[in-house]
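In: all I have is the shape, not the residue letters:
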């Protein structure tokens with residue numbers, strides 16, 4: 001396989017892979033290094049890529065595992081998800097500030113989720129992967145993914161309601 005053919009296979013999902021790595025490692029420099037490491041591993045196994053059903057799922061699994069290895073080696077327990085892909089230039093300034101505040105609240109809540117719930121929510125709700133792709137990437141069953149996603153969404157919803165009610169409780 002030549003470089004052009006390899007790039008044709010990798011390019012469609014390279015940005016997604018970087019975003020997942022970035023959410024796990026937070027640091028841009030570390031994320032770029034990790035992404036390069038995964039791409040190098042894929043390049044070294046380029047002759048075997050055609051035997052995989054989904055090269056994208058393979059790459060995402062490799063990226064996730066590589067990041068988790070890095071985090072374990074640094075004794076870090078903090079995985080941060082940041083979703084900043086939303087941009088609407090027609091919004092009023094106050095609406096944009098409200099949106100940014102809401103995104104910060106959601107990010108703060110997501111940061112407190114257990115690792116599996118964070119990853120499932122990231123891949124499904126933010127990166128828009130299908131359940132079968134997430135099954136391949138995280139090596140989890142369909143029911144485990146659905147359970148983790150449901151619990152994560154429910155927790156985020158409950159925490160947002162608490163925040164928006166400013167601690168007010170019904171009398």
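Out: Received, thanks. What you are looking at is a predicted structure, and each value in this text was computed from that prediction instead of being measured. Numbering: from 1, shown residues only.
In: which ones are touching residue 6?
Out: 42-43, 46, 49 (C-beta atoms under 8 Å, 6 or more residues apart in numbering). Every residue, glycine included, has its C-beta placed from N, CA and C.
In: which residues are in contact with stretch 41-56?
Out: In contact with stretch 41-56 (C-beta under 8 Å, 6+ apart) are residues 1, 6, 9-10, 12-13, 16, 58-59, 62, 66, 133, 136.
In: and it, what's buried?
Out: 42, 46, 49, 55-56 (16 or more other C-beta atoms under 10 Å).
In: can you put those in CSV and add secondary structure and pLDDT?
Out: Compiled in CSV, the buried residues of stretch 41-56 are given as follows (DSSP: H, G, I helix; E, B strand; the rest coil; pLDDT from 0 to 100):
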residue, secondary structure, pLDDT
42, helix, 94
46, helix, 91
49, helix, 90
55, helix, 92
56, helix, 91
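In: could I get the full set of helices for this structure?
Out: Taking DSSP state H, the helices of the chain run over residues 3-25, 28-44, 55-73, 93-111, 115-121, 131-138, 142-164.
In: for the chain, what helix or strand is lowest in average pLDDT?
Out: Counting by mean pLDDT, DSSP states H and E, the chain has its least confident helix or strand at helix 93-111, which shows a mean of 79.
In: which parts of it are buried?
Out: Quick answer for helix 93-111 (16+ other C-beta under 10 Å): 106, 109-110.
In: how about the residues you listed in TSV, adding distance to residue 117?
Out: Below are the buried residues of helix 93-111 laid out as TSV (distance: C-beta to C-beta, whole Å):
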residue	distance to residue 117
106	14
109	11
110	9
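In: burial count for the spatially closest residue to residue 57 that is not a sequence neighbour?
Out: Residue nearest to residue 57 in three dimensions, not counting chain neighbours: residue 136, with 3.8 Å by C-beta to C-beta, 6 or more residues apart in numbering. Number of residues near residue 136 (other C-beta atoms under 10 Å) recorded here: 19.
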